[in-house]
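1. Just a sequence and a predicted model for now, questions to come.
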Amino acid sequence: MKFGTKALHAGIEPDPSTGAIMTPIFQTSTYVQDEPGVHKGYAYARTKNPTRSVLEKNLAALENAAFGRCFSSGMSATETVIKTLTPGDEVICTADLYGGTYRLFTKVFAKYGIKFTFVDMLDVGNIEAAITDKTKLIWSETPTNPMMNIMDIRAISDIGRKNNIKVAVDNTFASPYLQNPLDLGADIVMHSVTKYIAGHSDVVMGFLGTNDPVTDEALGFIQNSGGAIPGPQDCFLALRGIKTLHVRMQRHCENGEKIAHFLRDHPKVEKVYWPGFEDHPNHEVAKRQMKYFGGMISFKQKEDTIEQANKTLSSFKIFSLAESLGGVESLVGHPATMTHASIPREHRLAVGLTDSLIRLSVGIEDVDDLIADLKQAIG
């Protein structure tokens, strides 16, 4: 079954009681049992909900995973992976990663004795150099947020396998349509379902997929024990969004490519970060592991000041200045004060995230209108 068909049908059956083609919203907290311990597979909704079960099967199929778990947010999915570790364990992380992930690692889990080492994963040799006998996890993100760096998932996974270290990949920017980390050797794939998967800026949710039953059991234990699960209505909305994921992603990519080239040719733009350019670092890796290059773009203007960035950010008419990404509507953001404000400025600058960097989440509007909006905003 190919991707577009899986998006509509994998794990989804008509409701047996009514024939409804859409999975019902099972808005219940508990389930009646025939006798103690004898039930229809559902006992309490924190542990399992029929709407959520269908979504988990559907998302697992899209990532070619044997197992899938949904969570109340992308961050709760991320923290579930870290909760499988114990004090004294070490994690090697992408230096350039989402600000919320950095905050979770350094401000929440570091105080419990888990060490996080941030390295430039463009050179996988940096990963090998950072490995110790306490390293238990490699956390990668590709494309990275917001610098659009591409990490070689297969090479990183080979290092993990050779050293008996699990590899987790945040696949949010690519979506399952563009990239499947488990197929490239990763042990765990993570998504903020909030973004491209749900796709309509109306759901907050996370997902973890794996092919290892032992890993899935550990993730499921924490999911049930901690209770950071999505509600059934959000699961319904995510299932609805997934049905058009492949169509939306095609349009995001088409619009993104045209806008990336427009920005690169603009006389007031200094640099554009988009993995589809042949001179982009690891462009060949992106060609190998991604279907297309996505709709996320970052850029800097030649007048590289925070004042100019603020002027541009405040001038958009169609792009909306807002947090998040991956919805059908185009969004523009300022990472230094929005998504990555929790990262110390010196760390941001070290990975190229300057105070004036602007990030675009290119939507599915008419691309001519988006380009006209960019023209008038940049000036």
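-> Cool, the structure landed.
2. excluding its backbone neighbours, what's nearest Leu137?
-> Spatial nearest neighbour of Leu137, chain neighbours left out: Val91 (4.6 Å); criterion: C-beta to C-beta, 6 or more residues apart in numbering. No exception for glycine: its C-beta is placed from N, CA and C like everyone else's.
3. Who are the contact partners of the one you found?
-> Counting by C-beta atoms under 8 Å, 6 or more residues apart in numbering, Val91 makes contact with 82, 85, 105, 114-117, 135-139.
4. what do you get if the cut-off is 10 Å, keeping everything else the same?
-> Residues near Val91 by C-beta atoms under 10 Å, 6 or more residues apart in numbering: 81-82, 85, 105, 109-110, 114-118, 134-139, 165-166, 168.
5. and Ile197, how far is that from Pro275?
-> Ile197 is 20 Å from Pro275, where distance means C-beta to C-beta, to the nearest Å.
6. same thing with Val362?
-> Using C-beta to C-beta, Val362 is found at 14 Å from Pro275.
7. Overlap of the contact sets of those two?
-> 260, 294, 296-297.
8. and which of those is nearest to Asn145?
-> Set against Asn145, the nearest of the shared contacts of Val362 and Pro275 by C-beta to C-beta is Met296 (7.7 Å).
9. ok, that closest one to Ala174 distance?
-> Remark: distance between Met296 and Ala174 (C-beta to C-beta) = 9 Å.
10. shared neighbours, the two?
-> Contact criterion C-beta under 10 Å, 6+ apart; residues shared by Met296 and Ala174: 143, 196, 275.
11. Look at the first one and give its secondary structure.
-> When classified by DSSP: H, G, I helix; E, B strand; the rest coil, Pro143 comes out as coil.
12. quick one, what contacts it?
-> Shown in contact with Pro143 (C-beta under 10 Å, 6+ apart): 96, 149-151, 170-174, 178-179, 273-275, 280, 282, 286, 290, 293-294, 296, 298.
13. Drop anything exposed from those residues.
-> For those, a burial check counting by 16 or more other C-beta atoms under 10 Å picks out 96, 149-151, 170-174, 178-179, 273-275, 280, 282, 286, 290, 293-294, 296, 298.
14. Which residue, neighbours along the chain excluded, lies closest to the most centrally placed residue in the chain?
-> Closest to where the C-alpha atoms of the chain average out (C-alpha atoms, centre = their mean) is Thr172, at 1.6 Å. The spatially closest residue to Thr172, leaving aside those adjacent along the chain, is Ser192, at 4.6 Å (C-beta to C-beta, 6+ apart).
15. The one you found is in contact with Gly74, isn't it?
-> Yes - using C-beta atoms under 10 Å, Ser192 is in contact with Gly74, at 2.9 Å.
16. The two: which is more packed in?
-> A count of neighbours by other C-beta atoms under 10 Å puts Ser192 above the other of Ser192 and Gly74, at 28 against 24.
17. Return the set of buried residues in stretch 226-238.
-> Quick answer for stretch 226-238 (16+ other C-beta under 10 Å): 228-232, 234-238.
18. show me the contacts for Ile159.
-> Ile159 sits next to 92, 124-125, 127-128, 131, 138, 152, 165, 167, 185 when contact means C-beta under 10 Å, 6+ apart.
19. Low-confidence stretches in the protein?
-> Along the chain, segments meeting pLDDT under 70 are nowhere present.
20. hey, where'd the strands end up in it?
-> Secondary structure of the chain by DSSP state E: the strands cover 67-71, 90-94, 115-119, 135-141, 166-170, 188-192, 206-210, 269-273, 296-301, 320-321, 331-333, 358-361.
21. Helices of the stretch 251-379 of the chain, residue ranges please.
-> 283-289, 306-313, 345-350, 367-378 (DSSP state H, counting those that start in this stretch).
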